[in-house]
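Q: Mind folding the following:
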Amino acid sequence: MIRSLSILTPLAVLLASFAFAQPKTPDKTIKLFNGRDLTNFYPSLKENKRNDPKGVFTVKNGAIHVSGEEWGGLTTVDEWTNYHLVVEWKWGGKNHPPRVDKARDSGILVHGTGEDGAAGSGWLESIEYQIIEGGTGDMILVRGKTRPSASAEVEAGANKQIYWKKGGEKVTRDQGRINWYGRDRNWQDKLGYRGPEDVEKPVGKWNKSEIIADGSTLKYYLNGKLVLEATDVRPTGGKLQFQSEAAEILFRKVELRPLKK
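A: Numbers count the residues shown, from 1 in each chain. Just a heads-up that it's a prediction; the model follows:
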């Protein structure tokens, strides 16, 4: 009996750890950012891992301040699934090398899995809500050893680019990018870029990004407008990350809400 217990106890611990690791589903509004500190988050940086000696992620004047100085992500401690994520953000004024004169760039990674930095630059294997001047609302499949995947209805553009279009040809991707419907077909990677259909507000103004994760579906909204929808999404849950990618950016609201029934 004693020998059996010595075998079962580690097994019970292992099973308990698996149960603990299951993504959570919010049953009420959860303020992931409390406006005061980075409780609920930890840094994952390309060079310094879980240490942040440069202060890439700080809280200033009630907002998360991301300097962009080192590439990485501010990562949630918990994993989440089936939620309505609401994030308010705006660009700061500074870009760092190697993107000093390039489009301001960041992103929100959802359904993050695997080890910290598994996809490079401190990022999780995940699905990205791209935040970049002229391309906010694009979907990027951020892969490592495993490959997140998603399907979307699209129309084809030049240079093998695809753009979300309701009723278009359905394609499945496990790498690369699905552009939001209004991304300028002649987009250029330059500071301050704006396309004729851009929904993003000018630099210094607050934007509202929303992600609805409902089972295997993801819907991306920007300032109240649906800009991209994907189905057959894999995985369907995981951690969230807020990127540091050479551009200064601030986040003042990070809320998880239950899905509407």
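
Q: where do the helices sit along the protein?
A: With DSSP state H applied, the chain shows helices at 2-20, listed in chain order.

Q: which one's the longest strand in it?
A: Counting residues, the longest strand in the chain under DSSP state E turns out to be strand 83-95.

Q: Counting neighbours, show which residues of that one come out buried.
A: Buried residues in strand 83-95, counted by 16 or more other C-beta atoms under 10 Å: Tyr83, His84, Leu85, Val86, Val87, Glu88, Trp89, Lys90, Trp91, Gly92, Asn95. All C-beta atoms are positioned from the backbone trio N, CA, C, and that covers glycine.

Q: Could you tell me the average pLDDT over that strand, please?
A: The average of the pLDDT scores along strand 83-95 is 98.

Q: would a markdown table of the buried residues of strand 83-95 with distance to Tyr163 be doable?
A: Listed next are those as a markdown table, based on distance: C-beta to C-beta, whole Å:
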| residue | distance to Tyr163 |
| --- | --- |
| Tyr83 | 26 |
| His84 | 25 |
| Leu85 | 23 |
| Val86 | 25 |
| Val87 | 23 |
| Glu88 | 26 |
| Trp89 | 23 |
| Lys90 | 26 |
| Trp91 | 24 |
| Gly92 | 29 |
| Asn95 | 26 |
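
Q: which one among those gets closest to Pro196?
A: Trp91 (19.6 Å; C-beta to C-beta).

Q: before we move on, the earlier item: run the chain-centre distance for the longest strand of the chain.
A: Offset of strand 83-95 from its chain centre (C-alpha atoms, centre = their mean, to the nearest Å): 11 Å.

Q: Can you tell me which helices and strands that strand packs against?
A: Contact here means 3 or more C-beta pairs under 8 Å, 6 or more residues apart in numbering; DSSP states H and E; on that basis strand 83-95 packs against strand 105-113, strand 207-214, strand 247-257.

Q: hey, which of those is tucked in deepest?
A: Mean neighbour count (mean count of other C-beta atoms under 10 Å) peaks for strand 105-113 among the helices and strands packed on strand 83-95, with a mean of 24.

Q: For beta bridges, what are the partners of Gly73?
A: Listed beta-bridge partners, Gly73: Ser44, Gln243 (assigned using DSSP bridges).

Q: Surely it touches Gln241?
A: Yes: counting by C-beta atoms under 8 Å, Gln241 is a contact partner of Gly73 at 3.5 Å.

Q: re earlier: the longest strand of the chain versus strand 105-113: what angle between them?
A: Angle between the axes of strand 83-95 and strand 105-113 is 140 degrees (criterion: axes from the mean of the first three to the mean of the last three C-alpha atoms, to 10 degrees).

Q: Mutual contacts of Gly73 and Gln241, please.
A: Ser44, Leu109, Trp123, Leu124 (C-beta atoms under 8 Å, 6 or more residues apart in numbering).

Q: What's the separation between the last one and Gly238?
A: Distance of Leu124 to Gly238, given as C-beta to C-beta, to the nearest Å: 7 Å.

Q: Tyr163 too?
A: Counting by C-beta to C-beta, the gap from Tyr163 to Gly238 is 26 Å.

Q: Looking at those two, which has the bigger crowd around it?
A: The neighbour comparison of Tyr163 against Gly238 (other C-beta atoms under 10 Å) goes to Gly238, with 24 against 19.

Q: Now His143. Nearest residue, chain neighbours left out?
A: No His there; residue 143 is Arg. Gln175 (5.6 Å; C-beta to C-beta, 6 or more residues apart in numbering).

Q: in the stretch 101-250 of the chain, which spans are strands?
A: Assigned by DSSP state E, counting those that start in this stretch, the stretch 101-250 of the chain shows strands spanning 105-113, 125-132, 139-142, 149-156, 162-164, 169-173, 176-178, 207-214, 217-222, 225-234, 237-244, 247-257.
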